[in-house]
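Asks: Kindly generate the corresponding structure for this input.
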Amino acid sequence: MALTRRDFAKRSAYTGAGVALAGSVGALGTAPGALAMGTAQGDADRFDPAAGYGPLLSDPAGILALPQGFSYRVVTRSGVTKLESGETTPSNHDGTATFEGPRGTTLLVNNHELKGPRSDWEHPVPLTEGLVYDPAAAGGCTVVEVHRHGGHVAEWVGIAGTSQNCAGGRTPWGTWLTCEETADKAGQHGMTKDHGYVFEVDPYDRRANLDPKPIKALGRYEHEAVVVDTHCGDLYLTEDASDPNGLFYRWVPPHGFRHGRGQLRKLADDAGVLLAPKCYDSDGRFVDDLSRATRTGTVYRVDWAEVPDRDAQSKPVREQFADDEVTRARKLEGMWWADGGAYIVASYAREESPVQHDGQVWFYCPRRRTLTLKVLLGVNKNPAADGALDGPDNITVSPYGGLIIAEDGEGIQHLFGATESGRTYPIARNELNVGTAAKPEFSEFTGVVFSPDGRTLFANIQTPGIMLAITGPWRRQR
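Replies: From the prediction side, this is the model:
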(Lines give C-alpha, C1' and ligand atoms only; values in the text may rest on other atoms or scores of the structure.)
Protein backbone atom coordinates (compact mmCIF):
# COMPACT_ATOMS: atom_id res chain seq x y z
CA MET A 1 0.00 0.00 0.00
CA ALA A 2 1.38 3.40 -0.97
CA LEU A 3 1.23 6.28 1.51
CA THR A 4 0.14 9.86 0.90
CA ARG A 5 1.78 12.75 2.74
CA ARG A 6 -1.19 12.81 5.12
CA ASP A 7 -0.58 9.11 5.86
CA PHE A 8 3.04 9.99 6.60
CA ALA A 9 1.96 12.53 9.20
CA LYS A 10 -0.38 10.05 10.87
CA ARG A 11 2.21 7.29 11.05
CA SER A 12 5.31 9.29 11.88
CA ALA A 13 4.62 10.08 15.54
CA TYR A 14 6.22 6.82 16.65
CA THR A 15 8.81 6.60 13.86
CA GLY A 16 9.85 10.11 14.85
CA ALA A 17 11.12 8.57 18.08
CA GLY A 18 7.98 9.04 20.07
CA VAL A 19 8.70 12.74 20.33
CA ALA A 20 4.96 13.35 20.33
CA LEU A 21 4.94 11.48 23.64
CA ALA A 22 7.87 13.27 25.21
CA GLY A 23 8.57 16.60 23.64
CA SER A 24 11.63 17.77 21.79
CA VAL A 25 15.35 17.43 22.18
CA GLY A 26 15.82 20.54 20.13
CA ALA A 27 17.37 22.37 23.07
CA LEU A 28 20.37 20.06 23.17
CA GLY A 29 23.37 22.35 22.71
CA THR A 30 21.58 25.19 20.92
CA ALA A 31 18.57 25.45 18.68
CA PRO A 32 19.34 24.97 14.97
CA GLY A 33 18.59 28.57 14.09
CA ALA A 34 21.25 31.23 13.73
CA LEU A 35 24.79 30.16 12.91
CA ALA A 36 26.46 30.18 16.29
CA MET A 37 29.10 28.69 18.58
CA GLY A 38 28.48 27.14 21.97
CA THR A 39 30.52 25.33 24.61
CA ALA A 40 33.99 23.95 23.99
CA GLN A 41 35.15 20.45 23.06
CA GLY A 42 34.58 17.63 25.51
CA ASP A 43 31.71 19.23 27.44
CA ALA A 44 29.73 15.98 27.60
CA ASP A 45 32.43 13.32 27.89
CA ARG A 46 31.88 12.53 31.58
CA PHE A 47 28.72 11.73 33.52
CA ASP A 48 26.93 14.47 35.44
CA PRO A 49 25.98 13.08 38.88
CA ALA A 50 22.99 15.44 39.04
CA ALA A 51 21.39 13.88 35.94
CA GLY A 52 19.86 10.48 35.31
CA TYR A 53 18.96 7.70 37.74
CA GLY A 54 21.94 7.42 40.05
CA PRO A 55 25.05 5.22 40.09
CA LEU A 56 25.19 1.84 38.35
CA LEU A 57 25.05 -1.22 40.59
CA SER A 58 27.16 -4.22 39.68
CA ASP A 59 25.30 -7.29 38.38
CA PRO A 60 25.86 -10.57 40.27
CA ALA A 61 25.23 -12.38 36.97
CA GLY A 62 28.03 -10.44 35.33
CA ILE A 63 26.00 -9.11 32.40
CA LEU A 64 24.51 -5.66 32.96
CA ALA A 65 24.98 -3.02 35.66
CA LEU A 66 21.91 -0.82 36.14
CA PRO A 67 20.73 1.95 38.50
CA GLN A 68 18.78 1.09 41.64
CA GLY A 69 15.23 0.01 40.82
CA PHE A 70 16.00 -1.11 37.26
CA SER A 71 16.10 -4.70 36.01
CA TYR A 72 16.67 -6.58 32.77
CA ARG A 73 15.67 -9.76 30.98
CA VAL A 74 17.66 -11.69 28.41
CA VAL A 75 15.38 -11.87 25.35
CA THR A 76 17.66 -13.74 22.95
CA ARG A 77 21.18 -15.12 23.26
CA SER A 78 23.29 -16.43 20.41
CA GLY A 79 23.70 -20.20 20.46
CA VAL A 80 21.21 -20.56 23.34
CA THR A 81 17.70 -19.35 22.45
CA LYS A 82 15.96 -21.04 19.53
CA LEU A 83 14.26 -19.88 16.36
CA GLU A 84 10.88 -21.30 15.36
CA SER A 85 12.74 -23.49 12.86
CA GLY A 86 14.86 -25.08 15.61
CA GLU A 87 18.21 -23.39 14.89
CA THR A 88 19.80 -21.25 17.57
CA THR A 89 19.74 -17.45 17.55
CA PRO A 90 22.45 -16.01 15.25
CA SER A 91 25.30 -13.98 16.74
CA ASN A 92 26.53 -10.39 16.53
CA HIS A 93 23.32 -8.50 17.27
CA ASP A 94 23.28 -4.95 15.91
CA GLY A 95 20.72 -2.39 14.73
CA THR A 96 17.18 -2.97 15.98
CA ALA A 97 13.70 -1.47 15.64
CA THR A 98 10.48 -2.06 17.56
CA PHE A 99 6.92 -2.38 16.27
CA GLU A 100 3.54 -2.89 17.89
CA GLY A 101 2.78 -6.59 17.69
CA PRO A 102 -0.41 -8.63 18.04
CA ARG A 103 -2.13 -9.14 21.40
CA GLY A 104 -0.04 -6.54 23.21
CA THR A 105 3.31 -7.97 22.13
CA THR A 106 6.27 -6.09 20.68
CA LEU A 107 7.98 -7.12 17.45
CA LEU A 108 11.69 -6.36 17.02
CA VAL A 109 13.72 -6.65 13.84
CA ASN A 110 17.31 -7.42 14.83
CA ASN A 111 20.31 -7.12 12.51
CA HIS A 112 23.16 -9.64 12.76
CA GLU A 113 26.45 -8.04 11.73
CA LEU A 114 28.20 -11.05 10.22
CA LYS A 115 30.67 -10.32 7.42
CA GLY A 116 32.13 -12.69 4.91
CA PRO A 117 31.53 -16.40 4.29
CA ARG A 118 29.30 -18.50 6.49
CA SER A 119 32.18 -20.79 7.40
CA ASP A 120 33.73 -17.94 9.42
CA TRP A 121 30.87 -17.96 11.93
CA GLU A 122 29.59 -20.49 14.44
CA HIS A 123 26.08 -19.02 14.44
CA PRO A 124 25.24 -17.45 11.06
CA VAL A 125 21.71 -16.47 10.08
CA PRO A 126 20.01 -19.69 8.87
CA LEU A 127 19.37 -19.92 5.12
CA THR A 128 15.59 -20.06 5.32
CA GLU A 129 14.03 -21.06 2.00
CA GLY A 130 12.82 -18.08 -0.01
CA LEU A 131 14.50 -15.50 2.22
CA VAL A 132 18.09 -15.78 0.92
CA TYR A 133 19.85 -13.12 -1.15
CA ASP A 134 23.33 -14.66 -1.37
CA PRO A 135 23.75 -18.20 0.00
CA ALA A 136 27.44 -17.53 0.65
CA ALA A 137 26.82 -14.67 3.09
CA ALA A 138 26.41 -15.12 6.85
CA GLY A 139 24.37 -12.07 7.87
CA GLY A 140 20.75 -11.03 7.87
CA CYS A 141 17.92 -10.17 10.27
CA THR A 142 15.71 -12.03 12.68
CA VAL A 143 12.28 -10.94 13.89
CA VAL A 144 11.66 -11.35 17.62
CA GLU A 145 8.27 -11.31 19.32
CA VAL A 146 8.22 -10.50 23.04
CA HIS A 147 5.62 -10.09 25.76
CA ARG A 148 4.88 -6.62 27.12
CA HIS A 149 7.75 -6.65 29.65
CA GLY A 150 10.38 -8.36 27.54
CA GLY A 151 9.61 -12.07 27.86
CA HIS A 152 10.68 -14.03 24.77
CA VAL A 153 7.82 -15.45 22.70
CA ALA A 154 9.22 -16.39 19.28
CA GLU A 155 12.00 -15.61 16.78
CA TRP A 156 12.22 -16.23 13.04
CA VAL A 157 14.37 -15.21 10.06
CA GLY A 158 13.39 -12.00 8.24
CA ILE A 159 16.17 -12.05 5.65
CA ALA A 160 19.29 -14.17 5.15
CA GLY A 161 22.30 -14.20 2.87
CA THR A 162 23.20 -10.56 3.37
CA SER A 163 26.52 -9.35 4.76
CA GLN A 164 27.51 -7.24 7.75
CA ASN A 165 24.03 -5.97 8.55
CA CYS A 166 25.01 -3.13 10.85
CA ALA A 167 22.37 -0.49 11.50
CA GLY A 168 19.37 0.54 9.44
CA GLY A 169 16.16 2.42 10.08
CA ARG A 170 12.47 2.08 10.85
CA THR A 171 10.08 3.42 8.23
CA PRO A 172 6.84 5.35 8.83
CA TRP A 173 4.95 2.57 7.02
CA GLY A 174 6.05 -0.07 9.53
CA THR A 175 9.03 -1.87 8.00
CA TRP A 176 12.76 -2.05 8.67
CA LEU A 177 15.49 -0.99 6.25
CA THR A 178 18.57 -3.13 6.95
CA CYS A 179 21.94 -1.81 5.78
CA GLU A 180 25.01 -3.76 4.65
CA GLU A 181 28.23 -2.21 5.93
CA THR A 182 30.40 -3.70 3.20
CA ALA A 183 31.11 -3.11 -0.47
CA ASP A 184 32.22 -6.65 -1.34
CA LYS A 185 31.52 -7.63 -4.92
CA ALA A 186 30.74 -11.07 -6.26
CA GLY A 187 33.96 -13.07 -6.08
CA GLN A 188 35.34 -11.18 -3.09
CA HIS A 189 35.54 -12.98 0.28
CA GLY A 190 33.54 -15.88 -1.12
CA MET A 191 30.49 -13.84 -2.09
CA THR A 192 28.39 -14.87 -5.09
CA LYS A 193 26.56 -11.53 -5.46
CA ASP A 194 27.44 -7.86 -5.04
CA HIS A 195 26.89 -6.42 -1.56
CA GLY A 196 26.71 -2.95 -0.02
CA TYR A 197 22.97 -2.42 -0.34
CA VAL A 198 19.85 -1.65 1.68
CA PHE A 199 17.04 -4.24 1.94
CA GLU A 200 13.50 -3.89 3.30
CA VAL A 201 12.21 -6.32 5.94
CA ASP A 202 8.53 -6.51 6.91
CA PRO A 203 8.01 -7.70 10.51
CA TYR A 204 4.29 -8.32 9.94
CA ASP A 205 4.08 -10.06 6.58
CA ARG A 206 6.52 -12.93 6.09
CA ARG A 207 5.48 -13.35 2.48
CA ALA A 208 6.59 -9.79 1.73
CA ASN A 209 10.17 -10.80 2.57
CA LEU A 210 10.35 -13.59 -0.01
CA ASP A 211 12.90 -13.25 -2.83
CA PRO A 212 14.96 -10.42 -1.25
CA LYS A 213 15.84 -7.60 -3.61
CA PRO A 214 18.40 -4.87 -2.88
CA ILE A 215 17.22 -1.27 -3.16
CA LYS A 216 19.94 -0.23 -5.59
CA ALA A 217 18.54 3.29 -5.94
CA LEU A 218 19.98 4.03 -2.48
CA GLY A 219 23.54 3.28 -3.61
CA ARG A 220 26.17 0.62 -3.01
CA TYR A 221 28.69 1.49 -0.29
CA GLU A 222 29.44 0.73 3.37
CA HIS A 223 25.96 1.59 4.62
CA GLU A 224 25.40 2.24 8.29
CA ALA A 225 21.98 3.75 9.05
CA VAL A 226 19.00 5.31 7.28
CA VAL A 227 16.06 7.55 8.23
CA VAL A 228 13.00 8.73 6.34
CA ASP A 229 11.96 12.38 6.20
CA THR A 230 8.35 12.05 7.31
CA HIS A 231 7.39 15.31 5.60
CA CYS A 232 8.62 14.84 2.03
CA GLY A 233 9.82 11.23 1.84
CA ASP A 234 13.53 11.88 1.27
CA LEU A 235 15.88 9.32 2.81
CA TYR A 236 19.12 10.16 4.65
CA LEU A 237 21.87 7.56 4.96
CA THR A 238 25.27 7.31 6.68
CA GLU A 239 28.46 5.62 5.48
CA ASP A 240 31.05 4.10 7.84
CA ALA A 241 34.27 4.25 5.83
CA SER A 242 37.75 5.73 5.68
CA ASP A 243 40.60 6.44 3.26
CA PRO A 244 38.97 8.76 2.36
CA ASN A 245 36.47 9.42 5.14
CA GLY A 246 32.84 8.58 4.47
CA LEU A 247 29.80 10.69 3.68
CA PHE A 248 26.19 11.01 4.66
CA TYR A 249 23.73 10.96 1.81
CA ARG A 250 20.32 12.23 0.80
CA TRP A 251 18.11 10.30 -1.59
CA VAL A 252 15.34 12.26 -3.30
CA PRO A 253 12.51 10.05 -4.67
CA PRO A 254 11.43 10.36 -8.30
CA HIS A 255 8.50 12.64 -9.04
CA GLY A 256 5.18 11.03 -8.21
CA PHE A 257 6.66 8.22 -6.09
CA ARG A 258 4.57 7.25 -3.06
CA HIS A 259 6.18 5.39 -0.17
CA GLY A 260 4.58 2.30 1.32
CA ARG A 261 5.18 -1.35 2.13
CA GLY A 262 7.33 -2.93 -0.55
CA GLN A 263 7.38 0.15 -2.78
CA LEU A 264 11.13 0.79 -2.52
CA ARG A 265 12.04 -2.63 -3.91
CA LYS A 266 9.96 -1.88 -7.02
CA LEU A 267 12.08 1.14 -7.92
CA ALA A 268 14.42 1.16 -10.90
CA ASP A 269 18.08 0.89 -9.95
CA ASP A 270 18.66 4.53 -10.94
CA ALA A 271 15.41 5.93 -9.56
CA GLY A 272 15.53 9.29 -7.83
CA VAL A 273 18.72 11.20 -7.10
CA LEU A 274 21.47 10.29 -4.60
CA LEU A 275 23.28 13.31 -3.18
CA ALA A 276 26.31 13.97 -0.95
CA PRO A 277 26.75 17.02 1.33
CA LYS A 278 28.90 20.10 0.91
CA CYS A 279 28.97 22.23 4.07
CA TYR A 280 29.86 25.87 4.71
CA ASP A 281 30.50 27.74 7.97
CA SER A 282 28.98 31.04 9.07
CA ASP A 283 31.54 32.98 7.03
CA GLY A 284 30.73 31.05 3.86
CA ARG A 285 33.94 29.00 3.97
CA PHE A 286 33.83 25.40 2.73
CA VAL A 287 34.13 22.76 5.48
CA ASP A 288 36.02 19.68 4.35
CA ASP A 289 35.34 17.47 7.40
CA LEU A 290 32.82 17.53 10.25
CA SER A 291 35.62 17.06 12.77
CA ARG A 292 36.45 20.74 12.22
CA ALA A 293 33.62 21.62 14.63
CA THR A 294 35.07 21.91 18.14
CA ARG A 295 32.15 23.53 19.95
CA THR A 296 28.57 22.42 20.45
CA GLY A 297 26.19 24.81 18.77
CA THR A 298 28.34 25.02 15.64
CA VAL A 299 26.02 25.29 12.63
CA TYR A 300 26.91 24.58 9.01
CA ARG A 301 24.87 25.34 5.91
CA VAL A 302 24.46 22.28 3.66
CA ASP A 303 24.40 22.12 -0.13
CA TRP A 304 24.11 18.84 -2.03
CA ALA A 305 26.12 17.33 -4.90
CA GLU A 306 24.81 14.51 -7.10
CA VAL A 307 26.57 11.13 -6.92
CA PRO A 308 27.84 10.22 -10.42
CA ASP A 309 27.76 6.38 -10.14
CA ARG A 310 25.68 5.22 -7.20
CA ASP A 311 26.28 1.50 -7.86
CA ALA A 312 30.05 2.09 -7.62
CA GLN A 313 31.02 -0.50 -10.19
CA SER A 314 34.34 1.12 -11.06
CA LYS A 315 35.06 3.38 -8.05
CA PRO A 316 33.63 3.60 -4.49
CA VAL A 317 31.04 6.36 -4.18
CA ARG A 318 33.05 8.43 -1.69
CA GLU A 319 36.07 8.34 -4.05
CA GLN A 320 34.05 9.80 -6.90
CA PHE A 321 34.38 13.25 -5.32
CA ALA A 322 37.48 15.40 -4.85
CA ASP A 323 38.12 16.56 -1.28
CA ASP A 324 36.95 20.08 -2.12
CA GLU A 325 33.63 18.87 -3.51
CA VAL A 326 32.05 17.23 -0.43
CA THR A 327 32.15 17.29 3.38
CA ARG A 328 33.38 14.05 4.92
CA ALA A 329 33.47 12.51 8.40
CA ARG A 330 35.09 9.47 9.95
CA LYS A 331 32.90 6.71 11.35
CA LEU A 332 29.44 8.00 10.50
CA GLU A 333 27.11 5.68 12.40
CA GLY A 334 23.61 5.74 13.92
CA MET A 335 20.74 8.02 12.90
CA TRP A 336 17.28 8.81 14.23
CA TRP A 337 14.51 10.96 12.80
CA ALA A 338 12.88 13.33 15.29
CA ASP A 339 12.05 17.02 15.73
CA GLY A 340 11.66 17.44 11.99
CA GLY A 341 15.19 16.34 11.19
CA ALA A 342 17.86 13.69 11.42
CA TYR A 343 20.18 13.06 14.37
CA ILE A 344 23.48 11.79 12.99
CA VAL A 345 26.37 10.22 14.92
CA ALA A 346 30.07 10.46 14.04
CA SER A 347 31.70 7.99 16.43
CA TYR A 348 35.24 9.36 16.49
CA ALA A 349 38.01 11.05 14.52
CA ARG A 350 41.69 10.15 14.63
CA GLU A 351 44.82 10.95 12.61
CA GLU A 352 42.91 10.49 9.35
CA SER A 353 40.81 13.56 10.21
CA PRO A 354 41.69 17.26 10.61
CA VAL A 355 40.70 17.31 14.32
CA GLN A 356 40.48 14.39 16.75
CA HIS A 357 37.47 13.70 18.97
CA ASP A 358 35.70 10.73 20.55
CA GLY A 359 32.19 11.37 19.30
CA GLN A 360 29.78 13.86 17.81
CA VAL A 361 26.00 13.98 17.47
CA TRP A 362 24.69 16.30 14.76
CA PHE A 363 21.17 17.43 13.88
CA TYR A 364 20.29 18.04 10.23
CA CYS A 365 17.31 20.34 9.67
CA PRO A 366 15.98 19.89 6.11
CA ARG A 367 13.83 23.01 6.28
CA ARG A 368 16.83 25.24 7.07
CA ARG A 369 19.39 23.00 5.33
CA THR A 370 21.65 23.23 8.37
CA LEU A 371 23.75 20.84 10.44
CA THR A 372 24.04 21.68 14.14
CA LEU A 373 26.52 20.02 16.51
CA LYS A 374 24.49 18.89 19.54
CA VAL A 375 26.85 16.61 21.51
CA LEU A 376 30.65 16.52 21.47
CA LEU A 377 32.91 14.09 23.33
CA GLY A 378 36.55 15.06 23.76
CA VAL A 379 39.29 12.48 23.28
CA ASN A 380 38.99 9.90 26.05
CA LYS A 381 42.47 9.51 27.50
CA ASN A 382 41.45 6.76 29.93
CA PRO A 383 38.87 4.39 28.35
CA ALA A 384 39.28 1.89 31.20
CA ALA A 385 37.84 4.38 33.70
CA ASP A 386 34.14 4.08 34.41
CA GLY A 387 32.31 7.29 33.53
CA ALA A 388 34.63 8.36 30.72
CA LEU A 389 32.81 8.21 27.38
CA ASP A 390 33.89 7.58 23.81
CA GLY A 391 32.57 6.11 20.58
CA PRO A 392 28.81 6.83 20.39
CA ASP A 393 27.15 4.54 17.85
CA ASN A 394 23.47 3.56 17.68
CA ILE A 395 21.16 6.30 18.92
CA THR A 396 17.51 6.85 19.78
CA VAL A 397 15.45 9.74 21.07
CA SER A 398 13.97 9.00 24.47
CA PRO A 399 10.26 9.39 25.26
CA TYR A 400 11.55 10.87 28.55
CA GLY A 401 13.56 13.64 26.89
CA GLY A 402 16.97 13.85 25.28
CA LEU A 403 18.96 11.13 23.57
CA ILE A 404 19.91 7.57 24.48
CA ILE A 405 23.25 6.50 23.00
CA ALA A 406 24.96 3.12 22.71
CA GLU A 407 28.71 3.24 23.28
CA ASP A 408 31.14 1.48 20.92
CA GLY A 409 34.44 2.76 22.17
CA GLU A 410 37.50 1.43 23.90
CA GLY A 411 37.48 -0.04 27.38
CA ILE A 412 34.24 0.07 29.37
CA GLN A 413 31.00 0.22 27.36
CA HIS A 414 27.84 2.08 28.42
CA LEU A 415 24.35 2.96 27.45
CA PHE A 416 24.11 6.62 28.35
CA GLY A 417 21.69 9.50 28.09
CA ALA A 418 22.24 13.08 27.00
CA THR A 419 19.72 15.57 28.37
CA GLU A 420 18.18 18.54 26.64
CA SER A 421 20.61 20.75 28.57
CA GLY A 422 23.61 18.73 27.32
CA ARG A 423 24.38 16.69 30.46
CA THR A 424 25.20 12.97 30.21
CA TYR A 425 24.22 10.21 32.61
CA PRO A 426 24.66 6.40 32.76
CA ILE A 427 21.86 3.94 32.07
CA ALA A 428 23.78 0.65 31.85
CA ARG A 429 27.30 -0.80 31.82
CA ASN A 430 28.33 -3.99 30.04
CA GLU A 431 29.87 -6.34 32.61
CA LEU A 432 30.21 -9.39 30.34
CA ASN A 433 33.97 -9.82 29.97
CA VAL A 434 34.74 -11.52 26.65
CA GLY A 435 38.48 -11.11 27.21
CA THR A 436 40.56 -12.40 30.09
CA ALA A 437 40.95 -11.42 33.73
CA ALA A 438 44.35 -9.94 32.90
CA LYS A 439 43.10 -8.19 29.77
CA PRO A 440 39.36 -7.60 30.11
CA GLU A 441 37.38 -6.78 27.00
CA PHE A 442 33.78 -5.61 26.77
CA SER A 443 31.74 -5.66 23.59
CA GLU A 444 29.87 -2.68 22.26
CA PHE A 445 26.21 -1.93 22.90
CA THR A 446 23.98 -1.85 19.81
CA GLY A 447 20.35 -1.53 18.77
CA VAL A 448 19.15 0.80 21.53
CA VAL A 449 15.42 1.46 21.11
CA PHE A 450 12.32 1.85 23.27
CA SER A 451 9.22 -0.29 22.99
CA PRO A 452 6.24 1.42 21.34
CA ASP A 453 4.69 2.13 24.76
CA GLY A 454 7.94 3.62 26.09
CA ARG A 455 8.12 1.28 29.10
CA THR A 456 10.96 -1.00 27.97
CA LEU A 457 14.38 -0.07 26.61
CA PHE A 458 15.83 -2.77 24.37
CA ALA A 459 19.56 -2.98 23.68
CA ASN A 460 22.06 -5.59 22.53
CA ILE A 461 25.51 -6.66 23.61
CA GLN A 462 26.98 -7.43 20.22
CA THR A 463 29.42 -10.16 21.25
CA PRO A 464 28.45 -12.92 21.76
CA GLY A 465 25.01 -11.61 20.79
CA ILE A 466 22.51 -10.88 23.56
CA MET A 467 19.25 -8.91 23.32
CA LEU A 468 18.21 -7.31 26.61
CA ALA A 469 14.95 -5.74 27.79
CA ILE A 470 15.47 -3.06 30.48
CA THR A 471 12.65 -1.80 32.67
CA GLY A 472 12.54 0.55 35.64
CA PRO A 473 11.34 3.89 37.01
CA TRP A 474 11.84 5.94 33.85
CA ARG A 475 11.18 9.65 34.33
CA ARG A 476 11.60 12.91 32.48
CA GLN A 477 15.22 14.04 32.09
CA ARG A 478 16.11 17.69 31.56
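Asks: Which parts of this structure are helices?
Replies: With helices called from DSSP state H, the chain shows them at 5-15, 19-22.
Asks: which stretch in these has the least confidence?
Replies: Lowest mean pLDDT of these: helix 19-22, a mean of 24.
Asks: State the distance from the nearest residue to L108 once chain neighbours are set aside to V109.
Replies: Of all residues not flanking L108 in the chain, V144 sits nearest, at 4.5 Å (C-beta to C-beta, 6 or more residues apart in numbering). Every C-beta, even on glycine, is put in place using the N, C-alpha and C of the backbone. Separation of V144 from V109 (C-beta to C-beta, to the nearest Å): 8 Å.
Asks: Settle it for me: which of these two has more neighbours?
Replies: More crowded of V144 and V109, by other C-beta atoms under 10 Å: V144, with 29 against 25.
Asks: Give me the below-cutoff pLDDT ranges for the chain.
Replies: 1-46, 149 (pLDDT under 70).
Asks: N92: neighbour count?
Replies: That count, for N92 with other C-beta under 10 Å as the rule, works out to 26.
Asks: and it, what is it in contact with?
Replies: The contact partners of N92, taken as C-beta atoms under 8 Å, 6 or more residues apart in numbering, are 78, 112-114, 121, 462-463, 465.
Asks: Of all residues in the chain, which one is nearest the centre?
Replies: G334 (3.1 Å; C-alpha atoms, centre = their mean).
Asks: quick one: it and V226 touch, right?
Replies: No. The criterion here is C-beta atoms under 8 Å, and G334 misses it with V226 at 10.5 Å.
Asks: okay, and the common contacts of those two?
Replies: By the contact definition C-beta under 8 Å, 6+ apart, G334 and V226 are jointly contacted by 167, 238.
Asks: From F450, how far off is the residue nearest to L108?
Replies: 15 Å.
Asks: How about E222?
Replies: 28 Å.
Asks: Ok, Y425 next?
Replies: Taken as C-beta to C-beta, the span from Y425 to F450 is 16 Å.
Asks: K82 too?
Replies: The value you get for K82 to F450, if C-beta to C-beta is used, is 26 Å.
Asks: what about those two, which has more around it?
Replies: F450 (25 against 13).
Asks: Quickly list what that one is bridged to.
Replies: L457 (DSSP bridges).
Asks: All the strands of the stretch 51-200 of the chain, residue numbers only.
Replies: 56-57, 64-67, 71-77, 93-100, 106-112, 139-146, 152-162, 165-170, 176-180, 198-201 (DSSP state E, counting those that start in this stretch).
Asks: can you put those in CSV and add distance to T298?
Replies: Formatted as CSV, those follow (distance: least, C-beta to C-beta, whole Å):
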stretch, distance to T298
strand 56-57, 32
strand 64-67, 32
strand 71-77, 37
strand 93-100, 28
strand 106-112, 32
strand 139-146, 36
strand 152-162, 36
strand 165-170, 25
strand 176-180, 27
strand 198-201, 30
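Asks: Between these, which one is closest to V125.
Replies: The closest of the strands of the stretch 51-200 of the chain to V125 is strand 139-146. By C-beta to C-beta, the value is 3.5 Å.
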